[in-house]
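Mind folding the following:
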Amino acid sequence: MALRNGYIVIPPNQANPPEQVQEENYEDHFHNHDNYREPSPPPPADVVTQYAMRRDNLSAAWKLIKKSMAAAFFVCQYQTKNWTSSTTYLEPLEEYRHPKQEVEFCDCIPDLIRLIYLGYIPASPKKPRTAFSIPFIQLFHHIWYESAIPYSSFIAGTVYHQDTRSSTRLLARSQSKNPRELRIPFSEAIDAYRRIQHFQKQLIKTTLSLTIQDEWASKCSLCFGTKNFIDPNQAAESEPYAIIAMDGNFQHRHHKFASTDTPTEAQYPSNFILPSETHPFMITCQATDEDAAAIKTSCLDAHKAANDVRNSISWDKFDDTGLFGSCCRHDIPLKYNNIEQTGEKLFYPVSIIDHLLKVFPSKRFGILYDIGCHLDAHIQKRNLLGNDSN
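Residues are numbered from 1 along each chain as shown. Down below sits the predicted model:
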């Protein structure tokens, strides 16, 4: 086993040929951030089907071992004080080298669980070849929270730094002797770590019996927590309970040829408005288009989003064309809408506002939106929120 600062590479077991399992280096279409180019013709249907099957099998394998992985992670996190001690996991024998250290694996415990007890998260749920140390993954997360650095740039920079200070480079196990490609394995390890973090949040929520208001308070205690520091005699009745800013982002989009995903509502992250909550407003907006045709506002011609001058050419090659998001005045993200095959439609901000009013029925909210006058005029004309719009 080759061991470097932050990650290990596990050699295959020569005595027992591994069974046919999902490879780590499968074809990756999810993380391609290259500039957009004219797409090539769609691949044959059988190729797409095989790719989808491999992806689904990998997802099912991770899901099958998720609880065991999380349990082992929590035990080790407690015993090592969140990996701040170095008594229970492997350490590099020499800096900037490739020392080999024997690690015993057995059939009584999955390799993934064994690696977690050694302080590593593997890049595959079955027969892993590569694993990354948990402190190394935590380092990436802390940097990512502050600077939003791409994981591909982070791992490429780390490998380059290690190679320039090592006596031998880390090479792929092939006759070509190409440099080891760690982008996809690191992505899988990051996803596994995030599954554990998400599971931990769900466990805390269930154990503490948190209400919806408690969950919002955990997002931003200043906006949605108990505001005992405010003097009710000084607060005006018209003072908003919280100020919410909203806008659309068309840089986060998904190419049709990358994959065909049909997630259920149970698979949506908790910070997304569900399609079932957005759909009624879409139907209402379509039914009241004639009533709102005569609306003229100062924002109408000032913004592309207001007049929706984008046409289908802008998104006909994408199934998810963007995100519509909201945040509080402390820059904390709150709720998102997935923009599908359209521009910045009216029902996206309305569904977020409606969700807020249902969670906090007796509160007043201030809304910041670059085409706010346009939004307000349509809400009033179409009567989308009823008396709550006041």
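
use CA for all of it now, contacts and neighbours both
OK.

where do the strands sit along this protein?
2-4, 7-9, 120-122, 130-133, 242-249, 254-255, 318-328, 333-340, 365-369 (DSSP state E).

OK, contacts around D320?
Taking Cα atoms under 8 Å, 6 or more residues apart in numbering as the contact definition, D320 lies against R253, H254, H255, N338, I339, E340, Q341.

Recalculate using a threshold of 10 Å.
Residues near D320 by Cα atoms under 10 Å, 6 or more residues apart in numbering: F250, H252, R253, H254, H255, K256, N338, I339, E340, Q341, T342.

Repeat that for K205.
Contacts of K205 (Cα under 10 Å, 6+ apart): F199, T211, I212, D214, E215.

just to revisit the earlier point, possible to save the contacts of D320 as TSV with pLDDT, neighbour count and distance to G325?
Putting these into TSV (pLDDT from 0 to 100; neighbours: other Cα atoms under 10 Å; distance: Cα to Cα, whole Å) gives the following:
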residue	pLDDT	neighbour count	distance to G325
F250	80	15	11
H252	79	13	11
R253	77	17	14
H254	74	18	16
H255	73	18	20
K256	72	15	22
N338	87	20	9
I339	84	21	10
E340	81	16	14
Q341	74	15	17
T342	75	18	15
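
for the longest helix belonging to the chain, which positions count as buried?
Looking across the chain with DSSP state H, the single longest helix is helix 45-79. By 16 or more other Cα atoms under 10 Å, the buried positions in helix 45-79 come out as 48, 51, 54-55, 58, 62, 66, 69-70, 72-73, 76-77.

same deal with stretch 158-175?
V159, Q162, D163, R169, L170.

what does stretch 316-325 give?
K317, F318, D319, D320, T321, G322, L323, F324, G325.

Also stretch 196-203?
I196, F199.

average model confidence for it?
Confidence for stretch 196-203, expressed as mean pLDDT, is 90.

ok, K81 to F74 distance?
10 Å (Cα to Cα, to the nearest Å).

got it, and Q138?
Q138 is 14 Å from F74, by Cα to Cα.

same question, E102
From E102 to F74 the distance is 25 Å (Cα to Cα).

now I212
With Cα to Cα as the criterion, I212 and F74 are 26 Å apart.

Ok, L112 next?
For L112, the distance to F74 - Cα to Cα - is 14 Å.

Please apply the same query to V359.
Taking Cα to Cα, one finds V359 at 32 Å from F74.

next one: I184
I184 is 25 Å from F74, by Cα to Cα.

model confidence over stretch 272-292, on average?
80.

Tell me which residues are up against it.
264-268, 323-325, 334-338, 345-352, 354-355, 377-385.

make it 6 Å
Residues from elsewhere that reach stretch 272-292, judged by Cα atoms under 6 Å, 6 or more residues apart in numbering: K335, Y336, N337, F347, S351.

what pairs with the second one across the strands?
The one in question is Y336. F272, G325 (DSSP bridges).

Mind putting the buried residues of helix 45-79 into JSON lines with distance to R180 and pLDDT?
JSON lines is the format used below for those (distance: Cα to Cα, whole Å; pLDDT from 0 to 100):
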{"residue": "V48", "distance to R180": "27", "pLDDT": "57"}
{"residue": "Y51", "distance to R180": "23", "pLDDT": "70"}
{"residue": "R54", "distance to R180": "22", "pLDDT": "80"}
{"residue": "R55", "distance to R180": "22", "pLDDT": "77"}
{"residue": "L58", "distance to R180": "22", "pLDDT": "82"}
{"residue": "W62", "distance to R180": "24", "pLDDT": "85"}
{"residue": "K66", "distance to R180": "27", "pLDDT": "84"}
{"residue": "M69", "distance to R180": "26", "pLDDT": "86"}
{"residue": "A70", "distance to R180": "28", "pLDDT": "87"}
{"residue": "A72", "distance to R180": "29", "pLDDT": "88"}
{"residue": "F73", "distance to R180": "27", "pLDDT": "88"}
{"residue": "C76", "distance to R180": "29", "pLDDT": "86"}
{"residue": "Q77", "distance to R180": "30", "pLDDT": "87"}
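
would you list every one of the helices in this protein?
45-79, 111-117, 134-147, 151-164, 183-208, 212-219, 221-224, 275-287, 304-307, 347-359, 372-382.

Least confident of those helices, on average?
Across those, helix 304-307 gives the lowest mean pLDDT, at a mean of 49.

ok, back up a step: switch the helices of the chain over to TSV; also include distance to A242.
Below are those laid out as TSV (distance: least, Cα to Cα, whole Å):
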stretch	distance to A242
helix 45-79	36
helix 111-117	42
helix 134-147	24
helix 151-164	34
helix 183-208	24
helix 212-219	12
helix 221-224	6
helix 275-287	22
helix 304-307	25
helix 347-359	10
helix 372-382	16
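
Could you point out which of those sits nearest K127?
helix 111-117 (6.8 Å; Cα to Cα).
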